[in-house]
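Colleague: Requesting a structural model of the entry that follows:
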Amino acid sequence: MTPQPGSWARYQNPSLSGNYYNSLVVGSRSLHRNYAAQSSIDNMGGSRHKPDIVVSPSNLAPSSSWSVATMAAAASAMLGLSYAEPLLSGSTHVEAMKAIILAGAGKDHLCPESIVESEGWCTTLPSASEQWQWTNTETAPLDPVYGAGFFNYRNSFDILTAGRSVGGVDSAEVGWDTRFLAEGQSAGYTFTVGGPHDSFSLALAWHRNITLDGRDYHADLPDFQVELLDSAGRTLARSDDPYNNIEHIYLPEGLGVGREYTIQVTLQSAENPTRYGLAWQTRVNATRHSPWR
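Modeller: Numbers count the residues shown, from 1 in each chain. Below you'll find the predicted structure:
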């Protein structure tokens, strides 16, 4: 877990830990403190954006150095439960916990542009009408400034404690999983939406693989894709970022009550079988808001 480099770092310094693939890079809720330029750590891409998620630290400091401590405390609390509860043991894999944290991220109460331009930091909660408009695309599933959004401990805790899904036709509408896939393989998770909710979120995370040979290294960035399908097999949403090791789908209007959906994860290319972590959630307003503000 590492802090997002501030605006002083600039994109010309690729060695900072805030550009890591295999870390959860944490920023602040302030647009001013999150440098939105593209990360460029090596020649594997250049279209990655950081941070992965933003946090409002308990002392409301505007720097990501404080945000990462708050995020680490929350992750430690969830990992402590994962180690203590045998049914949650699979979530101790980094890929799984990273996906659980990202899938729980909210899009509420991010800085509105009007406040950012004048103050550079949200000192009060913005109203829904003036909040920052979080955006993404199919091939760039994270917002270039706020990543997956605002960390929400309640959402992530609910995903974790919903338990692991083994996939197939009996999956739940909230859950997580971690497993290996080989190149060309897919895994499906079919669930039926049981009741009213406000939004749907999922996240997929995996590692960039490094092989060391003395002073030299070889890097392989596996390419996963995740889709949300309806009962007829039609694609409703897709996340397919060729430059990053995170995929994210967020549907602010949620899914149809009583309808069947399938999350399909596919490993499109990789040199070796690769472990992924997947987490998803249908959520209601009552569980959107984090205890940290």
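Colleague: where along the stretch 1-150 of the chain do the strands fall?
Modeller: Along the stretch 1-150 of the chain, the stretches classed as strands by DSSP state E, counting those that start in this stretch are 2-3, 25-28, 38-39, 48-49, 53-55.
Colleague: Show me what the second one is packed up against.
Modeller: Meaning strand 25-28. Strand 25-28 is packed against strand 2-3, strand 53-55, helix 64-84, with contacts defined by 3 or more CB pairs under 8 Å, 6 or more residues apart in numbering; DSSP states H and E. C-beta: built from backbone N, CA, C; applies to glycine.
Colleague: As a markdown table, those with mean pLDDT would be great.
Modeller: Written out in a markdown table, the entries for the helices and strands packed on strand 25-28 read as follows (pLDDT from 0 to 100):
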| stretch | mean pLDDT |
| --- | --- |
| strand 2-3 | 78 |
| strand 53-55 | 88 |
| helix 64-84 | 90 |
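Colleague: so which of the ones you listed is the most packed in?
Modeller: Looking across these with neighbours counted as mean count of other CB atoms under 10 Å, the highest average goes to strand 53-55: a mean of 27.
Colleague: now the helices and strands packed on strand 25-28 as JSON lines including distance to residue 211?
Modeller: Formatted as JSON lines, the helices and strands packed on strand 25-28 follow (distance: least, CB to CB, whole Å):
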{"stretch": "strand 2-3", "distance to residue 211": "22"}
{"stretch": "strand 53-55", "distance to residue 211": "28"}
{"stretch": "helix 64-84", "distance to residue 211": "27"}
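Colleague: so which of those gets nearest residue 208?
Modeller: Among the helices and strands packed on strand 25-28, the nearest to residue 208 by CB to CB is strand 2-3 (14.5 Å).
Colleague: Buried residues, the helix or strand harbouring residue 264. List them.
Modeller: Assessed by DSSP states H and E, residue 264 sits inside strand 260-269. If you call a residue buried by 16 or more other CB atoms under 10 Å, then strand 260-269 has these buried ones: 261-267.
Colleague: where along the stretch 1-150 of the chain do the helices fall?
Modeller: Taking DSSP state H, counting those that start in this stretch as the criterion, the stretch 1-150 of the chain contains helices spanning 64-84, 94-103, 113-118.
Colleague: Give me the packing partners of the first one, helices and strands only.
Modeller: This means helix 64-84. Judged by 3+ CB pairs under 8 Å, 6+ apart, helix 64-84 is in contact with strand 2-3, strand 25-28, strand 53-55, helix 94-103, helix 153-162.
Colleague: Out of the strands of the stretch 1-150 of the chain, flag the one nearest residue 176.
Modeller: Checked against CB to CB, the stretch from the strands of the stretch 1-150 of the chain lying closest is strand 53-55, at 16.3 Å.
Colleague: number of nearby residues for residue 232?
Modeller: For residue 232, the neighbour count with other CB atoms under 10 Å is 6.
Colleague: Please state the offset of stretch 215-226 from the chain centre?
Modeller: Stretch 215-226 has its C-alpha centroid displaced from the chain centroid by 19 Å (CA atoms, centre = their mean, to the nearest Å).
Colleague: wait, stretch 254-269
Modeller: On the basis of CA atoms, centre = their mean, stretch 254-269 sits 17 Å off its chain's mean C-alpha point.
Colleague: so which of the helices and strands packed on strand 25-28 gets nearest residue 242?
Modeller: For the helices and strands packed on strand 25-28, the distance to residue 242 is smallest for strand 53-55, at 21.1 Å, taking CB to CB.
Colleague: what does that closest one contact?
Modeller: Contacts of strand 53-55 with the rest of the structure, by CB atoms under 8 Å, 6 or more residues apart in numbering, involve 24-29, 34, 67-68, 70-71, 101-102, 105, 110, 146-151, 292.
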